[in-house]
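# Here is the input, now give the coordinates:
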Amino acid sequence: MEEKILKTNVFVNDTVFNETVEQPIDVDFTLPDFCPDISKIFKCRAVSRISSKGMNGKNITIDGYVCITLLYCDANGKLFSHEYQYPFSKNIEMAEECSGGNLCVRSKCEYINCRAVTGRKIDIHGAVGISVKVFKRKSTEIISDIDDCNIEQRRGTAPATVPMGYAEKYLMVEEDIQIGQGQPAVERVIRYDAKPCVRESKIINGKIVVKGEMSVWILYCPDDKGAPQSVKTIIPFSQIVDMEGVTDSCECETKSCVAFLEIKPRSSEGGAKCFSLSAKLLITCEAFCGNDVSVILDAFSRKYQTDMKSDDICFENICDTVSEVFHCKKNIELDEPISSVADLWCDIQSLNTRFEDECMLISGTVVASLIACDIEGSASYFEKAIDFEYKYKLSGDTDLLRCSPEIDIVSCGYTITGAANIELRVDLGINAAVYECRKILLITDIKIDESKPRDRISGCAMIIYFTGENECVWDIAKNYCSSVEEIMKINELSEECLPENKMLLIPAV
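Next comes the predicted model:
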């Protein structure tokens with residue numbers, strides 16, 4: 001029988017390791033001499049970044065750092081900041097080796113607490129959550145055809161998306177950012193941030209062309225001791241990522257994140273009029289190609305005993321992609337009156353994705369951080385939460401779907417509507433690939449034992465059978481070792497699914 005069995009390979013991404021580990025943050029530091037004493041801490045902001053990672057046998061090594069920015073005011077109510085980088089290294093051991101596997105690492109600061117021990121010494125405690133995933137392309141051999149007229153085969157099609165590859169590439173961005181016309185020269189930087197967002201990824205035979213934009217925000221103190229000034233700009237970026245075997249018929253899910261960021265004032269004649277930006281971006285690409293696979297869902301021999309082996313295989317298919325900007329806003333009341341806003345930035349605090357009523361719902365909370373000044377120029381800090389829910393209409397069975405969306409803060413703005421009232425506006429960039437995950441039980445091996453004939457019903461040519469609830473022709477034929485085609489022909493059936501208590505004539509084997 002072996003020479004009559006046709007086999008084929010199906011490919012899926014097999015997750016070998018998937019865990020989240022915690023990296024504690026325990027540090028204390030003293031402000032440098034050029035920083036004044038702390039009168040009041042406004043905000044201790046921590047951003048974790050992965051600098052490098054590697055996998056050797058069972059061991060995973062991760063290096064990164066936490067960029068801690070301390071925002072505070074001095075005894076005169078003036079705004080100051082200090083940046084401290086806390087490096088970390090993490091070693092993780094897997095249960096088994098994974099040669100040729102892909103390593104994906106993401107990190108997020110879970111919490112951060114700080115207190116001023118003295119006017120110059122800071123004590124900080126917190127934790128970073130590091131998500132580590134190792135996966136590789138797995139091949140499973142299944143039976144796709146059996147050349148034997150005595151074997152009944154229930155054929156089907158698996159709507160599969162074949163994983164073609166996973167690639168990462170770092171991109172260095174060096175840029176000079178000019179301050180706005182009429183803005184005073186820079187004395188010192190108070191706060192800065194940058195968020196990259198992929199706008200387009202195009203596949204051209206073995207290469208993925210990635211285009212995106214990096215939004216940059218800078219808050220600085222001018223050298224004329226005036227009110228803090230802000231600079232916002234967008235830096236376009238592009239990168240070519242090599243991936244063998246991909247063609248323009250494939251689909252690609254592309255993401256980007258910051259692995260390193262530094263922004264400093266650049267001095268020149270007449271004072272610092274621009275900033276020097278140095279950033280290291282990580283571009284990740286995961287490509288898939290649609291390839292429906294012809295499969296055998298079930299089989300049996302009408303003559304001999306059959307021994308089959310099956311395996312549950314999860315086929316994933318990209319059924320939809322999302323690339324939109326979602327607008328949300330909220331009117332808030334402050335604890336005290338303000339005259340102006342020096343700085344506004346937003347961070348995504350929580351995120352949840354669920355599927356219901358043929359829709360994908362992405363909900364979460366954005367925390368808006370606001371530095372404002374009163375009429376006398378003294379700074380105050382406010383923190384407000386903005387809840388949002390984004391709805392995207394889908395088609396198909398939502399029970400089979402999964403999605404890990406990438407949500408970015410595209411922009412944030414405000415309008416002062418009263419002495420202690422403000423309207424906050426946040427634009428969220430939503431990029432996501434929606435996967436349909438369908439598990440199908442497929443035959444991986446079949447053996448026909450010709451020494452063991454099937455039991456035969458003697459003394460009759462036909463069997464009268466009355467159907468039960470939700471029965472189909474295949475199950476009846478399998479039970480009586482009969483032919484599906486003959487049962488449907490004799491009983492003049494047009495459909496395999498049958499109503500209850502229908503009388504059938506079944507040919508005896």
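# any low-confidence regions in the stretch 51-200 of the chain?
Within the stretch 51-200 of the chain, the stretches with pLDDT under 70 are 159-160.
# What residues does the residue positioned nearest the centre of the chain make contact with?
Nearest residue to the geometric centre of the chain (C-alpha atoms, centre = their mean): residue 404, 3.7 Å. Neighbour list for residue 404: 353, 432 [criterion: C-beta atoms under 8 Å, 6 or more residues apart in numbering]. Glycine gets a C-beta too; all of them are placed from N, C-alpha and C.
# Same question for residue 378.
The neighbourhood of residue 378, defined by C-beta under 8 Å, 6+ apart, consists of 73, 76-78.
# on that earlier part again, just the local confidence number for the residue nearest to the centre of the chain, please.
Turning to residue 404, the model gives it a pLDDT of 87.
# do you know how far it is from residue 37?
For residue 404, the distance to residue 37 (C-beta to C-beta, to the nearest Å) stands at 45 Å.
# Would you map the strands across the stretch 51-200 of the chain?
Under the criterion DSSP state E, counting those that start in this stretch, the stretch 51-200 of the chain contains strands at 59-73, 79-93, 102-116, 121-146, 151-158, 161-178, 186-203.
# of all the ones you listed, which lies closest to residue 297?
When these are compared by C-beta to C-beta, strand 151-158 sits nearest residue 297, at 4.6 Å.
# Quick one: closest of the strands of the stretch 51-200 of the chain to residue 440.
Evaluated over the strands of the stretch 51-200 of the chain, closeness to residue 440 peaks at strand 151-158, with 5.4 Å, by C-beta to C-beta.
# what comes into contact with the closest one?
Against strand 151-158 from outside (C-beta under 8 Å, 6+ apart): 10, 145-146, 292-302, 306, 313, 315, 438, 440, 442, 448, 474, 477-478, 483-484.
# let's see 7 Å
Applying C-beta atoms under 7 Å, 6 or more residues apart in numbering, the contact partners of strand 151-158 are 146, 292-302, 315, 440, 474, 477, 483-484.
# how about it: buried residues?
Neighbour counts over strand 151-158 (16 or more other C-beta atoms under 10 Å) mark 151-154, 158 as buried.
# okay, that strand in PDB with CA atoms only?
The C-alpha coordinates for strand 151-158 follow below in PDB (Å, rounded to 0.1, in the frame of the first residue of the first chain):
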ATOM      1  CA  ILE A 151     -10.600   3.100   0.000                       C
ATOM      2  CA  GLU A 152     -13.200   5.800   0.700                       C
ATOM      3  CA  GLN A 153     -11.700   9.200   1.100                       C
ATOM      4  CA  ARG A 154     -13.300  12.300   2.500                       C
ATOM      5  CA  ARG A 155     -11.500  15.200   0.800                       C
ATOM      6  CA  GLY A 156     -11.300  18.800   1.800                       C
ATOM      7  CA  THR A 157      -9.200  22.000   1.600                       C
ATOM      8  CA  ALA A 158      -7.300  23.700   4.300                       C
END
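# Partner strands of it, with direction?
strand 293-301 (antiparallel) (DSSP bridges).
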